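1. quick check, what structure comes out for this input:
(chains A and B)
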Amino acid sequence: MSKTVNDPQRSPRSIIIGLRRMLKAAALGLILFAFGTLLYQSGLVEKAYNALGKQSDTAQGSSTRDAMESRQAMQAEREAWLANVTAEPPQVPTGPDGYFVPPEEDELPEGPFGESVRRGHDIFVNTPRYAAQYSGNSQSCVNCHLDAGRKENSAPLWGAYTKYPMYRGKNGMVNTYQERIKGCFTFSMNAQASAAGGPPPLGDQVYLDLEAYAYWLASGAPTGQTLPGAGYPNVAKTELGYDYERGADVFVENCALCHGEDGQGRHEDDGSVRFPPLWGPEAYNWGAGMARIDTAASFIKYNMPLGQGQTLTDQEAWDVAAYINSFERPKDPRQTGTLEEARQTYHENEQSYYGKEVRGSILGLGVSREQTAAQGG
Amino acid sequence: MKRRDTSDNHVSRVDPQFDPWEPNRPIPLFVIALVIALAIWGALTYLSEVGQHEATGPATVQQGEPSASPGAVAATGLDNARPEILDLAFTGKDNMWSCASCHGKSGEGSSSTPRLSGQLGDYLYKQLLDFRSGARANAHMKLVAQALTQEEMRELADYYAQIRLPSQVRPQLGGDLERGRQLVQSGDWKRDVPACLQCHGDSGQGVQPHFPSLAGQQPEYLFTQLAQWHTGVRGNSPQRLMDRISQAMTPEDMRDVADYLATLPLVEPAQAR
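-> Residues are numbered from 1 along each chain as shown, chains lettered A, B, ... in the order given. Alright, predicted model coming up:
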């Protein structure tokens, strides 16, 4: 081919040869392009690329996988133990982080039990909607028990369910699990302000469904012991103690984005709750555990801001918990006589502002939807 | 080509017109072929991109692939602004690009250019301010934002916020939609990743004023933003919320989420503005 160029004469023939050469090149180019396209579309390139570069990505699901394997292992061990009593008894299913692993959705059985669990889950994540009759504010169970009651250090249901029946100082008796949830409705959901005027009666379907959900989440959890990750871990007391005025700054910097500067959260246009109110008539009442500053500090320290647990210092958690609980909220339904009597009977020796003077007024008298509506109107 | 004497006489072989830069060997055929192949590739890529951009109009779908919606869908509210604002959106200002030149005639966006239509006005406005101040780094948008007054930004943001256009997107990144659904609806709390919808609204429609709508957004754009937060290129999320969430996500997670979000329909919130 190189001969053509060395031709001393620029003859028509050499031009033709040159043209032919270009044509050959064009054809070869087309073939090259077609070959490249085919190679690309065959997926070989992608496969090679994935094989080389994607290794780090596959580590992704590994924690989920380990957790699932641990539940499958438990299932196998259960069967083996039933078949042969001298086999190893089943282990508690735990994930790579050591915490108990509740079942995943695909383990949910079909049929009436599965349906009850599903209803329980729905009530849990959207109480004002699915337990509307008994919901007296804008709170849902999931607001304080994150990840639909699955998350460790966020008072998970699997950590609570197996502890009942349990003696509780709050009402001085052995409580069944239903009685415990009744407490949630009475205080955290402020059921007194609901359409029903109080919590569901024992045996109500709302309890049965919530109980089914907790029972299911706790499957495989050992009874008779406190599981790691149950409840909220305590936050050590600080030298400075707590101060709601210091907490105001913490609140503006870390909480107001979602809960609003006025602490009233945010509702969607259809009325559903996006971010829960923290005080006022739509919040938990004075009898709720969360109204105690130490409980709120523990919850906040480990779970707030959402997805950024343990980013606040202990001091900030205490102060902002004090700030949130330094505002009026629905009254404690156990108060039948004076506020002072209720304080002495139910709130003595607790860390709260109940019955105490804050910003010039005594807290604990309560605020209701009607009052707020009247003020607004 | 220059003439060359081929006789054996050395002296006579020296051509007085010899040019040392003269290529005395032809370009190898294979190289020419390669250039031609690359040229074809380039031309085709260019044509397909031009085709995509030309297809962006108020009543068209910008996807190169056949869209889920059979016919052309019209956006509503395209004329709903002062003429000066429409001018900015569609013809630009002095020597500055118009919004539509990149974001499309209906603000539908394409690939890594975000959809603007139906986005929260407050969010769009804040982004323009952040582009101008450099809080959100983007050389192109910085130029655009510097050419706008604050009032124009506000009006443009509100203009795009009120445009109604059904979702024009579909999964594009080959993500795992089931894992995407899990992350979007429930999150991955073992990594402290909350569900996207917990803050961005049950349908991904956005929550005023800080949480932009995600449904209908270009999956490539979503992926790019997550990646930029992950690597620290983008850092204007309030309280560094998205920085931390993205850092807990793997590249796979980001693809899965972006693709799953592209499957969500745009529900019409009574986004009263």
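
2. C-alpha from now on. contacts and neighbour counts both.
-> OK.

3. contacts only, for the residue lying closest to A:V273 once chain neighbours are set aside.
-> Using Cα to Cα, 6 or more residues apart in numbering or on different chains and skipping the chain neighbours, the partner closest in space to A:V273 is A:H267 (4.4 Å). Contacts for A:H267 (Cα atoms under 8 Å, 6 or more residues apart in numbering or on different chains) come out as A:V273, A:R274, A:F275.

4. try it again with 10 Å
-> By Cα atoms under 10 Å, 6 or more residues apart in numbering or on different chains, the contact list for A:H267 reads A:S138, A:V273, A:R274, A:F275, A:P276, A:P277, B:V207.

5. where in the stretch 51-200 of chain B is pLDDT low?
-> Counting by pLDDT under 70, the stretch 51-200 of chain B contains low-confidence residues at B:51-73.

6. mind redoing it with 50?
-> Across the stretch 51-200 of chain B, the ranges flagged by pLDDT under 50 are B:56-72.

7. what about the residue in it that chain A sits nearest to, distance to A:E340?
-> Nearest residue of the stretch 51-200 of chain B to chain A, counting by Cα to the nearest Cα: B:D192, 4.7 Å away. From B:D192 across to A:E340, the span is 42 Å (Cα to Cα, to the nearest Å).

8. thinking again about what came up before, tabulate the contacts of A:H267 (JSON lines), appending neighbour count and secondary structure.
-> Supplementary listing: the contacts of A:H267 in JSON lines, determined by neighbours: other Cα atoms under 10 Å in any protein chain shown; DSSP: H, G, I helix; E, B strand; the rest coil:
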{"residue": "A:S138", "neighbour count": "29", "secondary structure": "coil"}
{"residue": "A:V273", "neighbour count": "20", "secondary structure": "strand"}
{"residue": "A:R274", "neighbour count": "21", "secondary structure": "strand"}
{"residue": "A:F275", "neighbour count": "21", "secondary structure": "strand"}
{"residue": "A:P276", "neighbour count": "22", "secondary structure": "coil"}
{"residue": "A:P277", "neighbour count": "23", "secondary structure": "coil"}
{"residue": "B:V207", "neighbour count": "24", "secondary structure": "strand"}
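
9. got phi/psi on the residue of the stretch 201-350 of chain A at minimum distance from chain B?
-> Relative to chain B, the nearest point of the stretch 201-350 of chain A is A:G307 (4.7 Å; Cα to the nearest Cα). In this entry, A:G307 is assigned phi and psi values of phi 80, psi 0 (degrees, to the nearest 10).

10. what about it, neighbour count?
-> Residues lying near A:G307 (other Cα atoms under 10 Å in any protein chain shown) number 23.

11. what do you get for the one 10 residues further on?
-> Around A:A317 there are 28 other residues, counting by other Cα under 10 Å.

12. how about the residues of the stretch 51-200 of chain B that lie near chain A?
-> The interface of the stretch 51-200 of chain B toward chain A, taken as Cα under 10 Å from any Cα of the partner chain, is made up of B:179, B:186-195, B:197-200.

13. from those, list the buried ones, please.
-> B:179, B:186-190, B:192-195, B:197-200 (16 or more other Cα atoms under 10 Å in any protein chain shown).

14. farthest-apart pair in the residues you listed, please.
-> When these are compared pair by pair using Cα to Cα, the farthest-apart members prove to be B:K190 and B:H200, with a separation of 20.4 Å.

15. distance-wise, check the residue nearest to the residue of the stretch 201-350 of chain A closest to chain B when sequence neighbours are not counted relative to A:N303.
-> Leaving out its chain neighbours, the residue that sits closest to A:G307 by Cα to Cα, 6+ apart is B:D192, at 4.7 Å. Between B:D192 and A:N303 the computed distance is 9 Å (Cα to Cα).

16. name the residues contacting each of the two.
-> With Cα under 10 Å, 6+ apart applied, the overlap between the contact sets of B:D192 and A:N303 consists of A:K151, A:G309.

17. any residue of stretch A:21-29 touching chain B?
-> Yes. With Cα under 10 Å from any Cα as the threshold, stretch A:21-29 lies in contact with chain B, specifically through A:R21, A:M22, A:L23, A:K24, A:A25, A:A26, A:A27, A:L28, A:G29.

18. who's in contact with the closest residue to chain A within chain B?
-> For chain B, the nearest residue to chain A under the criterion Cα to the nearest Cα is B:A33, separated by 4.0 Å. Neighbour list for B:A33: A:22-33, B:39 [criterion: Cα under 10 Å, 6+ apart].

19. quick one, helices of the stretch 1-150 of chain B?
-> Listed from the start of the chain, the stretch 1-150 of chain B has helices (DSSP state H, counting those that start in this stretch) covering B:10-13, B:29-54, B:83-90, B:99-103, B:121-133, B:139-146, B:150-162.

20. quick one, the fifth one and helix B:139-146 angle?
-> Helix B:121-133 runs at 100 degrees relative to helix B:139-146, counting by axes from the mean of the first three to the mean of the last three Cα atoms, to 10 degrees.

21. ChimeraX command for the buried members of the contacts of B:A33?
-> With 16+ other Cα under 10 Å as the criterion, this ChimeraX line picks the buried residues out of those:
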select /A:24,25,26,28,29,30,32,33
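
22. strands - which of the contacts of B:A33 land there?
-> Restricting these to those inside strands, with DSSP state E as the criterion, leaves an empty set.

23. domain-wise, how is the chain divided?
-> Reading this off chain A. By the record's domain assignment, chain A is partitioned as A:63-96, A:99-217, A:244-376 (automatic domain parsing).

24. chain B was what I was after
-> The record, using automatic domain parsing to delimit domains, assigns chain B the ranges B:83-162, B:177-261.

25. now do the last one: distance to the chain's middle.
-> Taking Cα atoms, centre = their mean, to the nearest Å, the mean C-alpha location of domain B:177-261 is offset from the chain mean by 17 Å.

26. determine the longest helix present in chain A.
-> Of all the segments assigned as helix in chain A under DSSP state H, the longest by residue count is helix A:12-41.
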